[in-house]
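> missing the sequence, but the structure's below:
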C-alpha cells in the first residue's frame, strides 16, 4: 500500500514542488549575499497624495551589496540626516595606490621607491669560482676559457657612482702634453685589461626615475645629487631645487623666458625653418640641461644634446635623467662621432666655444656635420652687445662664415642665423688660395672614430646625396640616396635590405607591444647597440611608443650611420670594446641583436656586459638576440652581474639557432 501511495501522481507533484522550492530558496539566499539586487518599490507623487502608486526601478539597481549586513545595520540608530560622517581617526587609513590622506582617490601621487622585490643585498668583492680555473681578475677573464669563472661581480666603491671610464681616466689625462684645446674632455680609455671590473653602484637614496613627460620638468634630487648648476645658473631659469626634487622651468642663458618662446622667435625670424617637417634632426652644442632639445620633442624634432663633462657639473646627466637625448662630447681636437650631413640645424646658445680659433677648425667641424642647406643658429654676446672686443669677434665670425660660403640670413635681437650651401658651386667660385681650403678628395667625411679635426671644407657629394631628403615623417620609411654608398657584402639590393629590416623589426615590436605589453613598461631612454639601418628605432616610432633611441653603429661593421640620420633618427659611432660616453644609469632598455657573438672575436664579452650594466638604470631591461652557441656564456655573465634572466625562443620557434635573452636589472645594495 505504501509503495502504491508514493507512486501516485499527487505525491510526485508534492515532492517535485518541495524540491523546486528548496532549490529556489537556496539560490535566492546565495545571490542575496553580495550579489547585484533589483528592488522595486511604490512611489506616490508628493504634490498629489491621491495619485495612484507606480512601480519604479530601485536606485540600487546593478549595485552589489550584502543584504544581511543591511538588515543588521538598519537595526542600529543612524546619524541625523544631512550631517556628514566624522573624519577618520589619524592613522586609521592605510595609504595604498592613489588613495590620499583623506581616504579619497587622487591623481596627485609619486612613484619613486623601489619594490622590495627589486632590491637585493649584494657582495662588495668579486667572487671567483675556483673550480673553473679562471683568473681571479674579471677584467682579464678570457672568452676562450672553458668556463666563465666569476660567480659574482662585486660592487665598485660608492665614489664611483658616476664613473665614466673613458672620460674619468685621470692617469691618462695627467700625461697629456697639452690641455689648452680641451683635450682633457676627450676620450682617454683605460688600457686593455685595466677596464671596469665591478658593478657601478647607485647613489644613496636612488629612486625610480619620474616617468616621462613629468620628468621633463622635475627629477629626484637623490638621483643626481649635485647643486653646482643651481648655484651657477639659478638666476637664468635653468634649474632650481625644491625639497627632494630638481625643477626645470625650461629656460636658458639666452632664453630665460622659456624655450617655447625662443623656438617661436627662431621660426618667425626664418619662416623656412619649419620644425617637425624638414627640420627633424638637430644638434645642440653646449646644451646645459637640454631644455632646448626637451621642448623641441613636442614639435616632432629629435635633438642630440651635447656638452663636455666640465666644471658645470653633470649637465648631461641631468638631461638624461629628464628623459632627453644627450651624450657627453667636446669640440676639442677630434671629430665628433656623428656622420657628415647629419643635422638639419645646429644650435649654439652661449656654448662657450671660440668658433674662429685655429682658422675656424671648430666651425668647420660644424660644417661637416651640417646637412646641405641646413641652418646654424648662434645666440651669443657678440651678436647683440656693442663692446669693442665683442664687435671684433662678430666681424671675425662674419668673415669666416663668408669664406665657408654660408649665407648670412638674419640677425634679430640676440640670435643670428646662417645657411649652408646646397651644392659645391660657391666653393668652386672662390678665389684661389682662399682659406680654409677644400679637403683632399681622399678624405672620408664619415670617418669619425678617433679621427683628428681638419681645417678644411668637406666637399658635398656631386650627386646631391644627403641634400634631398624628404620631409618628416615620410623620410622615416623612405630609402635615402646615401643608402647606395654603404659598403655592404651583400647580393641583395640595398633598398630591399632596408625594407626587409624595417618589416622585420616592425613585426617583432608589434608582437612585443601586443604580447609583452611594452606600452606598460618604462621605455623612455632606449639604446640599440647594433642599429643597422635604424629599423628597430623606426618600429618603436610606428608603434607610438613614447621613447627615443640612441642608435649605435659599431666600428666592427659597415658604417650605416648616414642612413640613420637621413631617416630622421639619431645615433653615434662606437667601438664596444671600449666604454660609451655617457653617465651611469642612463638607459631604460638596451637592445643588442647579433652583437655579442660578433664582438666576442675582438674583445671580452664580460667587459661589454659590465658596461651595459653601468649605463642601464635599476629596473631597466636588456634584450639580447643572438646565436644559441653563446647563450650559456651570456647567462653565466648576466647572473654574475646580478641580472634576473629568462631565455626565450625567437619568432622562428624552439628549433631555431637563435634565442632571446631577457635580463632585468635590480637595485643592488652592499
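Here it is on my side, so go on. Keep in mind that what you see is a predicted model, and the values were worked out from it rather than measured.

> How about the backbone phi and psi for the nearest residue to residue 669 once chain neighbours are set aside?
Nearest residue to residue 669, sequence neighbours excluded (CB to CB, 6 or more residues apart in numbering): residue 121, at 5.7 Å. In short, each C-beta sits where N, CA and C put it, glycine included. The phi and psi values for residue 121, taken as degrees, to the nearest 10, are phi -80, psi 140.

> got the contact list for residue 121?
Taking CB atoms under 8 Å, 6 or more residues apart in numbering, we find residue 121 in contact with 668, 669, 670.

> same for the host helix or strand of the first one, what does it pack against?
Meaning residue 668. Using DSSP states H and E, residue 668 sits in strand 667-669. Contacts defined by 3 or more CB pairs under 8 Å, 6 or more residues apart in numbering; DSSP states H and E place strand 667-669 against strand 119-121, strand 616-627.

> Outside of the longest one itself, list whatever touches it.
Yep, that's strand 616-627 we're talking about. By CB under 8 Å, 6+ apart, strand 616-627 touches 114, 118, 202, 206, 208-209, 521-522, 525, 585-597, 612, 634, 638, 643, 650, 657-668.

> one more time with 6 Å
Contact with strand 616-627 is made by 202, 208, 585, 587-594, 596-597, 660-665, 667, as judged by CB atoms under 6 Å, 6 or more residues apart in numbering.

> Now the buried members of those.
The neighbour count (16 or more other CB atoms under 10 Å) marks 202, 208, 585, 587-593, 596-597, 660-665, 667 as buried among the contacts of strand 616-627.

> Take those and keep only those in helices.
Secondary structure assignment by DSSP state H places 596, 597 of the buried ones among the contacts of strand 616-627 in helices.

> got the phi/psi numbers for residue 294?
Dihedral angles for residue 294 - degrees, to the nearest 10 - are phi -60, psi -40.

> how far away is it from residue 619?
Per CB to CB, to the nearest Å, residue 294 is found 22 Å from residue 619.

> Same drill for those two, tell me which one is more crowded.
Neighbours per residue (other CB atoms under 10 Å) separate residue 294 from residue 619, with residue 294 holding more: 26 against 18.

> So that one sits against residue 326, correct?
No - with contact defined as CB atoms under 6 Å, residue 294 and residue 326 do not form a contacting pair (9.7 Å).

> Could you find the closest non-adjacent residue to the most centrally placed residue in the chain?
For the chain, residue 525 is the residue whose C-alpha lies nearest the centre (CA atoms, centre = their mean; 1.1 Å). Of all residues not flanking residue 525 in the chain, residue 587 sits nearest, at 4.6 Å (CB to CB, 6+ apart).

> List the beta-bridge partners for that neighbour.
Beta bridges link residue 587 to residue 616, judged by DSSP bridges.

> ditto for residue 347
residue 284, residue 377.

> My read is that it contacts residue 287, right?
No - using CB under 6 Å, residue 347 is not in contact with residue 287, being 8.6 Å away.

> More neighbours: which of these two?
residue 287 (29 against 25).

> can you pull the contacts of that one?
When contacts are counted by CB under 6 Å, 6+ apart, residue 287 touches 305, 307.

> pLDDT wise, what is it at?
For residue 287, the pLDDT comes out at 88.

> Kindly indicate whether it is helix, strand or coil.
Three-state call for residue 287 (DSSP: H, G, I helix; E, B strand; the rest coil): coil.
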